[in-house]
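**Student:** Quick one: sequence and predicted model below, then my questions.
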Amino acid sequence: MTEDVRARARLVLKGRVFDDFHVGQIFYHHWGRTISEADTLFFSALILAFNPLYLNRSYAIEHGHPDIVVNPQLVFNTILGISVEDCSEIGGPFLGVYDLIYDRPVYPGTTLVARSETVDVRTSESNPANGIVTWRTEGFDQDDNRVIGFRRSNLVRKQRMDI
């Protein structure tokens with residue numbers, strides 16, 4: 001094969017631009033993620049979160065939990081990550097998280113799913129070539145119990161970039 005692989009490659013544009021969003025739009029994000037015991041143990045050790053609830057089964061049980069508790073930061077990062085494909089995959093600066101609420105503990109073996117609603121779409125005052133989009137994202141367990149909720153905003157390009 002002498003043909004250059006790059007010549008045969010085709011660009012698949014992903015993500016949404018500013019005009020693709022409207023207030024009230026709801027995204028049911030992809031299939032979700034099951035959190036294993038190894039996930040939470042490794043994550044907690046990696047970020048130096050040595051709370052025994054996240055690392056010590058006996059301690060967690062003594063404090064009223066049925067098992068070790070999945071580190072809430074891992075729950076947040078998982079739900080945020082699940083939402084990226086639909087909301088912010090095209091890029092643009094992440095502007096922040098607001099009103100973060102953890103509703104209930106999550107335990108190993110829980111499958112997390114997410115949905116987001118577009119709650120604000122506006123042109124950036126300081127950079128009118130871009131807009132600011134805000135979503136309310138919620139995470140649920142396999143029994144449809146809400147485990148986390150938050151709002152987040154991103155700066156979003158108004159038009160696709162030519163490559």
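**Tutor:** Yep, that arrived. These figures come from a predicted structure and were not determined experimentally.

**Student:** How about residues contacting stretch 102-114?
**Tutor:** Residues from elsewhere that reach stretch 102-114, judged by Cβ atoms under 8 Å, 6 or more residues apart in numbering: 29, 31-37, 39-40, 65-70, 72, 75, 78-79, 82-83, 137-142, 145-149. For the C-beta atoms, the positions are set from N, CA and C on the backbone; glycine is no exception.

**Student:** mind listing what the helix or strand containing residue 27 pairs with, with the direction of each?
**Tutor:** Using DSSP states H and E, residue 27 sits in strand 26-28. Applying DSSP bridges, strand 26-28 is found paired with strand 111-123 (antiparallel).

**Student:** can I get the CA coordinates of the strand it pairs with in PDB?
**Tutor:** Provided in PDB are the C-alpha atoms of strand 111-123 (Å, rounded to 0.1, in the frame of the first residue of the first chain):
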ATOM      1  CA  THR A 111     -24.300   2.400  37.400                       C
ATOM      2  CA  LEU A 112     -24.400   6.100  36.800                       C
ATOM      3  CA  VAL A 113     -26.400   7.800  34.000                       C
ATOM      4  CA  ALA A 114     -26.900  11.500  33.300                       C
ATOM      5  CA  ARG A 115     -29.100  14.000  31.600                       C
ATOM      6  CA  SER A 116     -28.700  17.700  31.000                       C
ATOM      7  CA  GLU A 117     -31.100  20.500  30.200                       C
ATOM      8  CA  THR A 118     -29.900  23.700  28.500                       C
ATOM      9  CA  VAL A 119     -31.000  26.500  30.900                       C
ATOM     10  CA  ASP A 120     -29.300  29.600  29.400                       C
ATOM     11  CA  VAL A 121     -27.900  30.500  26.000                       C
ATOM     12  CA  ARG A 122     -26.500  34.000  25.500                       C
ATOM     13  CA  THR A 123     -23.800  35.900  23.500                       C
END
